[in-house]
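> predicted model follows, preceded by the sequence.
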Amino acid sequence: MLRLDGFDTPDAYRGCVVAIGNFDGVHRGHQVMLDRLKSHATKAGVPAVVLTFNPHPITLLRPDQTPPPLSTLERKLELLERYGIDVVIAYPTDRELLDLSAQEFFQQIVCKQLNACGMVEGPNFFFGKNRSGNVERLAELCGQNQMFLDIVQPENVDGLMISSSRIRDLVRAGAMTEALQMLGHPYQISGEVVPGAGRGRDLGFPTANLERIPTLLPPSGVYGGIGLIDSKEYPAAINIGPNPTFSEDVLKVEVHLIGCESDFYGKTLKVDFLGELRDVRKFANAEELKEQLEIDLDAVQGLVSGYRGR
């Protein structure tokens, strides 16, 4: 997959089928769109292109209302490649772009820059200044320019429409099993490994302490998942929150990588969440905490085995 930051490699994308949007989280609804996009592009013998925006337009328009992201740009690109996209244009969002009317956006971006032969969007797609263009207007413009338009209907889980905002609510609630269902892949955070107090190592459960996490963080709790670092994967017990057993009130993100003894200081650790295990609580002493950690690690191994066995 080719990643571009603008319209400077026209031979790679002109004549394409394109989907435009933020694709935050690249959830199951997005994946249906991407499958349709790839299918149309393959039949037409043209590139499957995603045009996304970096940063999210709302960051410039209403910075106080910017939702915390579900995915970094790196993660988004990784997922888009996984689902077969040929070219991703991560366009640097600026005021000039945001001030284009719906018709100007269509003519300048879709027609002039991309020379697209078709588009794939969801029913809630809006474009142009003040979100003035909707799918009905898009259909008119596509028709006027001999371009096909495929509107993909939303996906649902248990009667609830899959959306980035819905997944955000689940992550905020710590419902990581449900979030995985809606995403179609684990929710992932990443951060820099920094030195901690060393208590985990003293207990026999060394942890990687994460800071500078750019995406939405689940609430305090103990979770199970997979840690990814240096091209290796490890079952992971993830503790988010304070450490009441040792009278620490500071929120921390601590990850125990099962079967790994390295410290990884200064490196980036990615953590895939597979499910929630329990609340953070205070233990009477270190021995009681160690007993619970053994139980947690068994639960983590069960989650990972179940996930890998699908």
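Thanks, I have it.

> what sits up against the lengthiest helix in the chain?
Using DSSP state H to define each element, the chain has its longest helix at helix 286-308. For helix 286-308, the surrounding residues in contact (Cβ atoms under 8 Å, 6 or more residues apart in numbering) are 186, 203-205, 222, 224-226, 235-237, 245, 256, 258, 274-275, 277-278, 283. For the C-beta atoms, the positions are set from N, CA and C on the backbone; glycine is no exception.

> hmm, residue 34 and residue 84 touching each other?
Yes: Residue 84 lies in contact with residue 34 (Cβ atoms under 8 Å); the separation is 6.8 Å.

> now the common contact residues for the two.
Shared contacts of residue 84 and residue 34 (Cβ under 8 Å, 6+ apart): residue 48.

> pretty sure residue 136 is in a helix, no?
Yes: assigned with DSSP: H, G, I helix; E, B strand; the rest coil, residue 136 falls within a helix.

> distance of it from residue 235?
Here the criterion is Cβ to Cβ, to the nearest Å. By it, residue 136 lies 49 Å from residue 235.

> same deal with residue 92?
38 Å.

> which of these two has more residues huddled nearby?
Neighbour comparison, residue 92 and residue 235: the larger count goes to residue 235, with 23 against 10 (by other Cβ atoms under 10 Å).

> of the contacts of helix 286-308, buried ones?
Among these, those classed as buried by 16 or more other Cβ atoms under 10 Å are 186, 205, 222, 224-226, 235-237, 245, 256, 274-275, 277.

> and the two most separated of the residues you listed?
Farthest-apart pair in these is 186 and 245; separation 28.1 Å (Cβ to Cβ).

> which residues does residue 240 form a beta bridge with?
Beta bridges link residue 240 to residue 221, residue 253 when assigned by DSSP bridges.

> mind listing what's buried in stretch 24-38?
Neighbour counts over stretch 24-38 (16+ other Cβ under 10 Å) mark 24-34, 36-38 as buried.

> could you chop this structure up by domain?
Per the record's domain assignment (automatic domain parsing), the chain is made up of the domains 2-157, 186-308.

> now the weakest link among the ones you listed, please, by mean pLDDT.
When the domains of the chain are ranked by mean pLDDT, domain 186-308 comes last with a mean of 91.

> gap between the two ends of it?
12 Å (Cα to Cα, to the nearest Å).

> do the same with stretch 112-125
Using Cα to Cα, the end-to-end distance of stretch 112-125 comes out at 20 Å.

> from the middle of its chain, how far away would that stretch be?
22 Å (Cα atoms, centre = their mean, to the nearest Å).
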